[in-house]
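> fold the following, please.
(4 chains, ligands or ions: 2)
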Amino acid sequence: MDSFEVSRRQKNEVEILEIKGYLDAHTAPSLENAIQELIDSDTYQIVINFRDLAYISSAGLGVLMGFIENIREHGGDIKLCEMNEKIYRVFDLLGFPKIYDITEKEEDAVQKFNR
Amino acid sequence: MDSFEVSRRQKNEVEILEIKGYLDAHTAPSLENAIQELIDSDTYQIVINFRDLAYISSAGLGVLMGFIENIREHGGDIKLCEMNEKIYRVFDLLGFPKIYDITEKEEDAVQKFNR
Amino acid sequence: MKNKKQTYHLKIPGKTENLELIRTFVSRLAQMSGFDEDDIYKIELAVDEACANVIKHAYEGKGKKEIDLLLEIDYKKLTIIVTDEGVGFDVNNILKRDMKEYLGQMKVGGLGIHLIMSLMDDVKLKSKPGEKTEVRMTKYLVKDGKIKSKQVDDG
Amino acid sequence: MKNKKQTYHLKIPGKTENLELIRTFVSRLAQMSGFDEDDIYKIELAVDEACANVIKHAYEGKGKKEIDLLLEIDYKKLTIIVTDEGVGFDVNNILKRDMKEYLGQMKVGGLGIHLIMSLMDDVKLKSKPGEKTEVRMTKYLVKDGKIKSKQVDDG
Ligand SMILES: Nc1ncnc2c1ncn2[C@@H]1O[C@H](COP(=O)(O)OP(=O)(O)O)[C@@H](O)[C@H]1O
Ligand SMILES: Nc1ncnc2c1ncn2[C@@H]1O[C@H](COP(=O)(O)OP(=O)(O)O)[C@@H](O)[C@H]1O
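Numbers count the residues shown, from 1 in each chain, chains lettered A, B, ... in the order given. Ligands and ions are numbered 1, 2, ... in the order given. Prediction:
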């Protein structure tokens, strides 16, 4: 069952992960692997595009929390964009907008790396 | 919950019922009422268009069986059209194609009344 | 969903408005088990028919008792057991009916059990007048040692 | 779904691959109960979190035991009780955590229970180390005597 998919693409020096479908405790390892791969190849400037994500539970947010410290120590970041309202609310309820840059447009998320 | 809907329209002397959604033991009474209304107004030339029907169980077929004798005694008929493959298979499994005219196009079902 | 048998148990009020919920649950489970769209539809319909019978005949539409659904999955089949606490019936009497003759008379009803038998690979009815009814139906994922491709049989 | 309380009971193997099935079932039931899309999402997510906890903490991912879901509907609320046969935990210890401080430390985990509390109207956790855990959560359809319009509170 492919209820969740990650695909990868590059824009300027930034790696963009597009996530799609349902991100829960079952599918979170697949996002974890995708980010781990980036780190393994010394890629620390990451944007995650949530446009096609229909659902997220705390397991998905946990994946982000698991990497962020390491990534920032390497001068990088994970920036988040194009969340629908429902998904943004989950991030908001847990106070994530204070810790992560969350933008509406992907462009703006990418831009933030180039300032 | 509107999981099933019937709407009504006329073409030549024939009354066309369009059915939509899920026709099961819960929603069958709504089709029953629609046909009963036609009979109450002495309308016996009926075509049911299955184009937007997603699901049918024997309760739906039971409704047809309940009226057909009476309708034919009045010189009318219920003709069926535009079934998708899954729905046709249910009719087929129960031997209905021997008792009912089932056509692909609505036009042909209507035509059968005018011969 | 690998080798071991997995059991799913659902108890739900015996009312027609719950049929859609039951179908949604069963079809999702059938999908997870690896059945193709065609078989999913058959399983869904067979379970619907068994549950509609419980509501109509065992509980006579009163909806005060529950339908018990037990779903067992292993790597080669899905078995669904629908049990009620109803009035029972004479199984032999029903099974003897000839469908063609029956339709010839254009009677209402009597289609559900025939459908269940046609849609599923194995069906066992257990009932007696005055006792609860159990409908046990199985669909195979693997036929003759290999995974079924599309629609091997229609009943 | 009028006045009387209706009970739905689901027992399902404690594996992450069943979370989607659980969500599908719960959201369908919430929809039938008359909740709006917004509340359906909240209920679905809260139940997902409770079940994910059972799988991760109570059963430590082994998936051999079952999650027990009891759903009670009446005209004014939906209550979901998630019970496991797991290892339990010290509820007071968890509830004392300060979310802000916690996030400041950027630790992994600890989000689930906070979410459940924020998403549902009433939440009761029953657990002790070494015993089973019960999470009981309620969402009201009617607030202060009238049917809720949209999203009255966010936690
Ligand atoms: N769960 C049940 N409890 C009691 N009687 C049942 C049950 N299921 C089936 N029956 C009996 O078997 C008969 C045939 O059922 P079925 O083939 O589904 O047709 P129908 O429901 O249209 O009568 C019913 O009329 C009823 O007498
Ligand atoms: N069903 C459960 N069985 C045992 N322990 C649990 C259960 N649910 C929660 N816990 C305990 O409560 C803690 C907090 O849970 P939660 O807020 O969901 O965060 P997380 O699951 O990310 O740790 C868990 O780490 C665990 O120790």
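> low-confidence ranges in the chain?
Because you didn't say which chain, this covers chain A. A:1-2, A:115 (pLDDT under 70).
> my bad, the chain I had in mind was chain C
Checking chain C against pLDDT under 70 turns up C:1-3, C:61, C:63, C:96-109, C:143-155.
> which non-adjacent residue is nearest the most centrally placed residue in it?
Nearest to the mean C-alpha position of chain C, counting by C-alpha atoms, centre = their mean, stands C:Val47 at 3.4 Å. Using C-beta to C-beta, 6 or more residues apart in numbering or on different chains and skipping residues adjacent in sequence, the residue nearest C:Val47 is C:Val26, 4.9 Å away. Placement of C-beta: from N, CA and C, glycine included.
> likewise for C:Ala58?
Once flanking residues are discounted, C:Ala58 sits nearest to C:Gly86: 2.2 Å by C-beta to C-beta, 6+ apart.
> using the three-state scheme, assign that neighbour.
With DSSP: H, G, I helix; E, B strand; the rest coil as the basis, the three-state label of C:Gly86 is coil.
> which one's the longest helix in chain A?
Longest helix in chain A by number of residues (criterion: DSSP state H): helix A:58-73.
> the very next helix or strand once past that helix: partners in the sheet, and parallel or antiparallel?
Later in the chain than helix A:58-73, the nearest helix or strand by DSSP states H and E is strand A:77-81. In the sheet, strand A:77-81 lines up against strand A:45-56 (parallel), strand A:102-103 (parallel) (DSSP bridges).
> next, count neighbours for A:Glu85.
For A:Glu85, the neighbour count with other C-beta atoms under 10 Å in any protein chain shown is 9.
> the residue nearest to C:Val47 against C:Thr79, yeah?
No: using C-beta atoms under 8 Å, C:Val26 is not in contact with C:Thr79; the gap is 11.9 Å.
> the nearest residue to C:Met137 once chain neighbours are set aside and A:Ile19: what is the separation?
With sequence-adjacent residues excluded and distances taken as C-beta to C-beta, 6+ apart, C:Met137 is closest to C:Met120, at 4.1 Å. Separation of C:Met120 from A:Ile19 (C-beta to C-beta, to the nearest Å) stands at 39 Å.
> with neighbour numbers in mind, choose between those two.
C:Met120 (25 against 22).
> surely the more buried one is in contact with C:Leu45?
No: applying C-beta under 8 Å, one finds C:Met120 not in contact with C:Leu45, separated by 9.6 Å.
> can you pull the contacts of the residue nearest to the centre of chain C?
C:Ile22, C:Arg23, C:Val26, C:Leu69, C:Ile80, C:Val82, C:Met137 (C-beta atoms under 8 Å, 6 or more residues apart in numbering or on different chains).
> show me the residues you listed that map onto helices.
Using DSSP H, the contacts of C:Val47 in helices are C:Ile22, C:Arg23, C:Val26.
> let me have those residues in CSV, extended by distance to A:Ser30 and neighbour count.
Below are those laid out as CSV (distance: C-beta to C-beta, whole Å; neighbours: other C-beta atoms under 10 Å in any protein chain shown):
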residue, distance to A:Ser30, neighbour count
C:Ile22, 31, 23
C:Arg23, 29, 22
C:Val26, 27, 24
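> which of these sits closest to C:Cys51?
C:Ile22 (5.6 Å; C-beta to C-beta).
> please name the nearest non-neighbouring residue to that closest one.
Nearest one to C:Ile22, counting by C-beta to C-beta, 6+ apart, is C:Cys51 at 5.6 Å.
> for the residue in chain C positioned nearest to ligand 1, grab the count of nearby residues.
Using C-beta to the nearest ligand atom, C:Gly112 is the residue of chain C that sits closest to ligand 1, at 2.3 Å. A total of 26 residues lie near C:Gly112 under the criterion other C-beta under 10 Å.
> relative to C:Leu69, how far out is it?
For C:Gly112, the distance to C:Leu69 (C-beta to C-beta) stands at 16 Å.
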